[in-house]
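Undergrad: The following comprises the amino acid sequence and a computationally predicted model.
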Amino acid sequence: MTTEQTLTQQLINKDELLKHWQSHRGLSRKILAAFPEKELFEFSIGGMRPYQHLAGEMIGLASAGMNGFVTGNWTTTPELDHFDDSARLSTKEALLEAWDDVTEQIEELWPQIPDAHFHDVVKAFGMYENTVISTILYFIDNEVHHRGQGYVYLRALGIEPHPFWDR
């Protein structure tokens with residue numbers, strides 16, 4: 001290597017980012033699974049939405065978001081569309097199944113996002129303009145935020161949630 005050549009190192013690469021996101025998703029799934037069926041759909045504190053709505057938002061953002069990053073079409077299946085108030089999965093089993101389906105969808109679509117596309121500006125859901133990488137980081141932040149609400153709900157219900165650091 002000559003002195004004129006430089007070595008550029010990334011702080012985090014595409015595969016590491018996917019692993020990071022999927023580890024958050026794995027923990028969020030454990031929180032979702034810890035809810036008793038009735039409380040998943042009815043329990044609320046201080047006017048916050050029941051956890052079913054929060055999980056539905058996480059599922060819908062990830063599904064439509066991955067579709068948008070790859071195809072430019074920011075939609076998902078009707079039952080996962082969190083922008084549609086009538087689109088709700090009605091059982092814990094259905095939510096967990098949808099969660100798992102979206103996890104597979106992410107794994108399938110992720111390799112189709114070209115590396116250079118991560119810095120392209122997109123208009124997510126036709127409303128939110130940002131780079132692909134910033135939008136993905138928003139999805140992760142949003143999930144961590146809602147998972148935190150799930151921790152509060154579970155503790156209020158007398159259920160000890162899975163340790164937050166064990167991803």
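TA: Noted; the coordinates are in hand. Numbers count the residues shown, from 1 in each chain.

Undergrad: Show me where this structure has its strands.
TA: Here the chain has its strands, by DSSP state E, at 121-124, 128-131.

Undergrad: Run through the neighbouring helices and strands of the last one.
TA: With contacts defined as 3 or more CB pairs under 8 Å, 6 or more residues apart in numbering; DSSP states H and E, strand 128-131 has these neighbours: strand 121-124, helix 132-156. For every residue, glycine as well, the C-beta is placed using N, CA and C.

Undergrad: Mean pLDDT added to the strands of the chain, as CSV?
TA: Listed next are these as CSV, based on pLDDT from 0 to 100:
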stretch, mean pLDDT
strand 121-124, 94
strand 128-131, 94
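
Undergrad: Now render these as JSON lines, adding distance to Ile59.
TA: Listed next are these as JSON lines, based on distance: least, CB to CB, whole Å:
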{"stretch": "strand 121-124", "distance to Ile59": "16"}
{"stretch": "strand 128-131", "distance to Ile59": "18"}
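
Undergrad: wait, which of those is closest to Thr71?
TA: strand 121-124 (11.3 Å; CB to CB).

Undergrad: so where is the chain shaky, pLDDT-wise?
TA: For the chain, applying pLDDT under 70 flags the ranges 1-9, 78-79, 82-87.

Undergrad: Run a quick check on Leu96 versus Arg29, I expect a contact.
TA: Yes. With contact defined as CB atoms under 8 Å, Leu96 counts as touching Arg29 (7.1 Å).

Undergrad: higher neighbour count, these two?
TA: Neighbour tally, Leu96 and Arg29, criterion other CB atoms under 10 Å: the higher count belongs to Arg29, 19 against 15.

Undergrad: I'd like the distance between the more buried one and Thr75.
TA: Separation of Arg29 from Thr75 (CB to CB, to the nearest Å): 23 Å.

Undergrad: do Gly126 as well
TA: 10 Å.
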